[in-house]
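Q: test case, fold it:
(chains A and B, ligands or ions: 2)
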Amino acid sequence: MQTLDQELHFQSRIDNEEKIEPRDWMPEAYRHTLVRQISQHAHSEVVGMLPEGNWITRAPSLKRKLALLAKVQDEAGHGLYLYAACETLGVERADLIDQLLSGKAKYSSIFNYPTLTWADMGAIGWLVDGAAIMNQVPLCRCSYGPYARAMVRVCKEESFHQRQGYEILLTLCRGTAVQKEMAQDALNRWWWPSLMMFGPNDSDSEHSEQSMKWKIKRISNDDLRQKFVDITVPQAEYLGLTVPDKDLKYNEETGHYEFGKINWDEFWQVVKGHGPCNRERMEARIKAHEDGAWVREAAMAYSEKQKSKNQKVA
Amino acid sequence: MKDWPLYEIFIRSKNGLSHKHVGSLHAADAEMAIENARDVYTRRMEGVSIWVVDSREITASNPAEQDALFDPAESKIYRHPTFYDVPEEVRHM
Ligand SMILES: [Fe+2]
Ligand SMILES: [Fe+2]
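A: Ligands and ions are numbered 1, 2, ... in the order given. Here you go, the predicted model:
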């Protein structure tokens, strides 16, 4: 009975737009949902460094290399803000990492696609970071304080990511015919996976309704996706590129673009581990974690040695 | 120990302002926590000074006792300037 009262009180706090802080009472399911969502988000930031890391050494100029390095470093930071926010819910970082490396935890399936040409760096910044921004801006108002604060930091950094990507494509589109073709090819490959980043249709989204009630989620998958399409199609037109969707058309009456059917079979295949790069990504993460083990241990041993030295002196 | 100890990070964004909590990170010791905080939280000149505190050293009030702790202040409106009537004609107060 007491829990029921507590739950009603909790919901009324949420309804009043109060923020929930780590040591406040919260329903177990709220805690669980947040741990799952925030850790998945953190894993996505970390795995998301791999497709772009692939091109750092081959960036076409020093300026592009600096920008890409800075962007990838930002993504590492995003992962860290998010892991830290997740840990305020009483979980340990090491356990979260284990869940990722054992394949128990998911990360955004967009990062299981390969980066075949330099134009992919443009398409990722423009479309993938663009979709991420669309998802993350409403999360700045999420009911859980530490998650909302982490999102504010992340969003401040994201806009440079998208702009540098768009600039890469703009340069290619104003270049030779071959360069423009490369940009078009990147758009062809990244368009649909980017639309899938918003998750299943509202009618098929299992966690959506409760998350909306708890104000973890503020805008539905389909609404966010529509917003993304409406904003992005004119940007593609400005580049002189064609969005790879023959059903795409502007509806004068609604003021929105209508777009074709998303291949959800492909989406679920990638989620279940059968995307083009799932194995490669996990292998890279596991190797990085294992190769770093001695560094983590040595740093701790050094710090303990310093401590005991200082104690002797004192 | 599975993880390095957790440190809470406080940053003074510019002189004249207090340090403000910005988040946390793991580090082997306090010096490393400062170096990592520099890389994680001040990549865009967000700060001029960093404090790091071992999270275990923080004692926090209990939110369940919020009422007992903060209610007494609610009835002490005489601590606020608007509790006192000063005629309009009196300036600069
Ligand atoms: Fe990010
Ligand atoms: Fe980003």
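
Q: backbone dihedrals for A:Tyr238, both of them.
A: Torsion angles at A:Tyr238 (phi, psi; degrees, to the nearest 10) stand at phi -60, psi -40.

Q: that one: neighbour count?
A: Counted with other C-beta atoms under 10 Å in any protein chain shown, the neighbours of A:Tyr238 add up to 11. All C-beta atoms are positioned from the backbone trio N, CA, C, and that covers glycine.

Q: and if you look at A:Lys217?
A: With other C-beta under 10 Å as criterion, A:Lys217 counts 24.

Q: find the nearest non-adjacent residue to residue 23, please.
A: The chain I'm using is chain A. Nearest residue to A:Arg23 in three dimensions, chain neighbours excluded: B:Pro63, at 5.0 Å (C-beta to C-beta, 6 or more residues apart in numbering or on different chains).

Q: not what I meant, chain B
A: A:Ala84 (5.3 Å).

Q: near ligand 1, which residues of chain A?
A: A:45, A:75, A:78 (C-beta under 5 Å from the ion).

Q: let's have the residues you listed in TSV, adding distance to chain B.
A: Output for these, formatted as TSV (distance: C-beta to the nearest C-beta, whole Å):
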residue	distance to chain B
A:Glu45	13
A:Glu75	12
A:His78	10
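
Q: which one of those has the most neighbours?
A: Neighbour max across the residues of chain A next to ligand 1 (other C-beta under 10 Å) = A:His78, 27 neighbours.

Q: after whichever strand or helix holds that one, next one along is what?
A: Element membership for A:His78 (DSSP states H and E) is helix A:62-87. For helix A:62-87, the following helix or strand on the C-terminal side (DSSP H and E) is helix A:93-101.

Q: what about that next one, near chain B?
A: Yes - in terms of C-beta under 8 Å from any C-beta of the partner chain, part of helix A:93-101 sits within range of chain B, namely A:93-95.

Q: so what does the helix or strand following that helix touch, helix or strand wise?
A: Sequence order places helix A:119-123 as the next helix or strand after helix A:93-101, per DSSP H and E. Applying 3 or more C-beta pairs under 8 Å, 6 or more residues apart in numbering or on different chains; DSSP states H and E, we find helix A:119-123 packed against helix A:49-56, helix A:145-173, helix A:177-196.

Q: quick one: closest of those helices to ligand 2.
A: Comparing the helices and strands packed on helix A:119-123 by their distance to ligand 2 (C-beta to the ion), the top pick is helix A:145-173, with 3.8 Å.

Q: is any part of the closest one close to ligand 2?
A: Yes - if you take C-beta under 5 Å from the ion as the test, helix A:145-173 does meet ligand 2, through A:158, A:161.

Q: what comes up buried for that helix?
A: Buried residues in helix A:145-173, counted by 16 or more other C-beta atoms under 10 Å in any protein chain shown: A:145-151, A:153-155, A:157-158, A:160-162, A:164-173.

Q: pull out the buried residues from the strand or helix carrying A:Gln235.
A: Following DSSP H and E, one finds A:Gln235 within helix A:221-239. Using 16+ other C-beta under 10 Å as the test for burial, helix A:221-239 gives A:221-222, A:224-226, A:228-229, A:232-233, A:235-236, A:239.

Q: can you tell me which of the residues of helix A:93-101 next to chain B are buried?
A: Buried, going by 16+ other C-beta under 10 Å: A:Arg93, out of the residues of helix A:93-101 next to chain B.

Q: adding pLDDT, write the residues of helix A:93-101 next to chain B out as JSON lines.
A: Formatted as JSON lines, the residues of helix A:93-101 next to chain B follow (pLDDT from 0 to 100):
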{"residue": "A:Arg93", "pLDDT": "96"}
{"residue": "A:Ala94", "pLDDT": "95"}
{"residue": "A:Asp95", "pLDDT": "96"}
